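Engineer: just coords:
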């Protein structure tokens with residue numbers, strides 16, 4: 001069996017398995033990348049079957065890690081979509097808790 005070396009190995013083809021290389025590419029632009037996934041394509045399971053809603057963190061306790069990560073993730077996703085010319089739309093949903 002032939003042996004190979006890689007600088008980065010990504011396991012899984014969901015949203016994280018897709019976005020990690022995008023966010024880490026600047027660290028290893030000339031490095032060897034290995035993607036390990038059991039399916040032929042990307043986002044074949046839960047990632048590809050979501051509602052498409054990017055949440056603002058409104059349902060989490062203000063200041064909690066979940067709320068902070070949700071807001072940061074939303075901002076990063078909107079920025080990513082803009083940089084890659086992907087359409088998004090904003091909607092406001094108010095509900096009683």
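Structural biologist: Thanks, I have it. Predicted, not measured: the structure shown is a model, and the values here were computed from it.
Engineer: where does the protein dip in pLDDT?
Structural biologist: For the chain, the stretches with pLDDT under 70 are 47-50, 92-97.
Engineer: Now with 50, please.
Structural biologist: For the chain, no stretch is flagged by pLDDT under 50.
Engineer: What segments of it are strands?
Structural biologist: 8-11, 33-36 (DSSP state E).
Engineer: Residue 53: which of these is closest?
Structural biologist: Closest approach to residue 53 among the strands of the chain is made by strand 8-11 (25.4 Å; CB to CB). Heads up, the C-betas are built off the backbone N, CA and C, glycines and all.
Engineer: could you point out the longest helix in this structure?
Structural biologist: helix 65-83 (DSSP state H).
Engineer: Does anything pack onto that helix? Which helices or strands?
Structural biologist: Judged by 3 or more CB pairs under 8 Å, 6 or more residues apart in numbering; DSSP states H and E, helix 65-83 is in contact with no other helix or strand.
Engineer: Domains in this protein, by residue range?
Structural biologist: 1-50, 52-97 (automatic domain parsing).
Engineer: Reformat those as JSON lines; add mean neighbour count.
Structural biologist: Output for those, formatted as JSON lines (neighbours: other CB atoms under 10 Å):
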{"stretch": "domain 1-50", "mean neighbour count": "12"}
{"stretch": "domain 52-97", "mean neighbour count": "11"}
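Engineer: Skipping adjacent residues, who's closest to residue 11 in space?
Structural biologist: Of all residues not flanking residue 11 in the chain, residue 36 sits nearest, at 4.9 Å (CB to CB, 6 or more residues apart in numbering).
Engineer: can you put the strands of the chain in JSON lines and add distance to residue 82?
Structural biologist: Compiled in JSON lines, those are given as follows (distance: least, CB to CB, whole Å):
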{"stretch": "strand 8-11", "distance to residue 82": "24"}
{"stretch": "strand 33-36", "distance to residue 82": "25"}
